[in-house]
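>>> Build the 3D model from these lines:
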Amino acid sequence: MAEFIPFFSPKPDWLDVTFSPNDSPDELLRDFIQAHGLVSESSATPPTESFRFMSLNDPTTAEYGSLHISTKYGVYRVSASGAFLASLRLRGLFAQYLTLLASCPYRVTRLDAALDVPSDAASILADLDQLYPYEITLNRQRPLRTKMITERRADGLRSGTWYAGHMSRSRVTARVYDKSLEVLTRSGVDLGRPYTRYELTFREGTANLNDAYDCSGIFWAHIGALLPLPQPCPKWMPSDVPAWVSERVEVLPHEALLRRVSNSAELDVMIALAQRCGPEWQNHFMHMIAKKIGLDIRGHHLGKLSA
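Below you'll find the model as predicted:
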């Protein structure tokens, strides 16, 4: 069952969690990847491994958004893009994913919380540049330098991105940008109406996994200088104690096997190739598969599975 976030509520748009290499959820994470049919991205650069979900509508196509796993500089790191987090929610797996991350002592080293507002960014960015031409303070932390990068849109107006704390080491930074323009530039898709995205980035232990599951409290606690607060406004208290409580969901080996076979894009490609080669090669393909799994043509076991 999909885990939906109301459209006009903040949502997690990046989640970066780190662990000790000697106490990480690597085994649970590998089981999760295998159970839910994620495929490896060949473009990933070692020591980073990257994985994607296969499309629910087209099992031969990988979805946009990636999960990255790496161990370097003495840190085990798991990073999930916003699109990957959206895929988790669509499949009803977001809470399960957070639960496996919380199985070991962790630190949320980056959480992006984003809110899309159906307003034209051109006028919003111009107002922000006028109100905060040099700096801004978010929730009582040190003032952040502001910066704006714009471009000319097709309608002749200037739009783009306004930054607070860009490229700084601050634990909380912000950016406001033309989401409709960004999507149109990146993918050529016209959203049909203007949207402005307000996005906060929380670094180095500011947030925990509860904040990742529900961004409302931490988002509204820091965005007040940029947006009017909702009433009633969610409460948020900073905490150094990692928190997340949820029931772990166990996927049995036969369930994982069924999902891998039914969602295997590589197997679909091999079947299509065998069909193109004709009946003789279809039979040969079946012989090859049978040999691979240790069966002869009559279904008798030949030995252990081939690696």
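>>> Okay, now the unreliable bits of this structure?
Of all residues in the chain, those with pLDDT under 70 make up the ranges 1-8, 43-44, 239-269, 293-307.
>>> quick one: the strands in it?
Along the chain, the segments classed as strands by DSSP state E run 11-19, 39-40, 49-52, 67-72, 75-81, 107-117, 135-136, 144-152, 158-164, 172-178, 196-203.
>>> among those strands, which is nearest residue 190?
strand 172-178 (13.0 Å; Cβ to Cβ). Every residue, glycine included, has its C-beta placed from N, CA and C.
>>> mind giving me the domain split of this structure?
In the assignment given by automatic domain parsing, the structural domains of the chain cover 11-222, 264-292.
>>> Out of the ones you listed, which one sits most buried?
domain 11-222 (a mean of 17; mean count of other Cβ atoms under 10 Å).
>>> Nearest to residue 231 among the domains of the chain would be which one?
Residue 231 sits nearest to domain 11-222 of all the domains of the chain, at 10.7 Å, using Cβ to Cβ.
>>> Determine how far the last residue of the closest one lies from the first.
One end of domain 11-222 to the other measures 15 Å (Cα to Cα, to the nearest Å).
>>> now stretch 71-80
Using Cα to Cα, the two ends of stretch 71-80 sit 15 Å apart.
>>> roughly how far is that stretch from the heart of the chain?
16 Å (Cα atoms, centre = their mean, to the nearest Å).
>>> now stretch 186-201
Per Cα atoms, centre = their mean, the centroid offset for stretch 186-201 relative to its chain is 17 Å.
>>> In contact with residue 101, which residues?
Residue 101 is in contact with 17, 25, 78, 209, 244, counting by Cβ atoms under 8 Å, 6 or more residues apart in numbering.
>>> Check the residues you listed and tell me the two furthest apart.
Based on Cβ to Cβ, the longest span within the contacts of residue 101 runs between 78 and 244 and measures 13.8 Å.
>>> rewinding a little: among the strands of the chain, which is nearest residue 223?
For residue 223, the closest of the strands of the chain is strand 196-203, at 6.3 Å, according to Cβ to Cβ.
>>> Quick one: list the elements packing against that closest one.
When contacts are defined as 3 or more Cβ pairs under 8 Å, 6 or more residues apart in numbering; DSSP states H and E, strand 196-203 sits against strand 107-117, strand 172-178, helix 179-187, helix 216-222.
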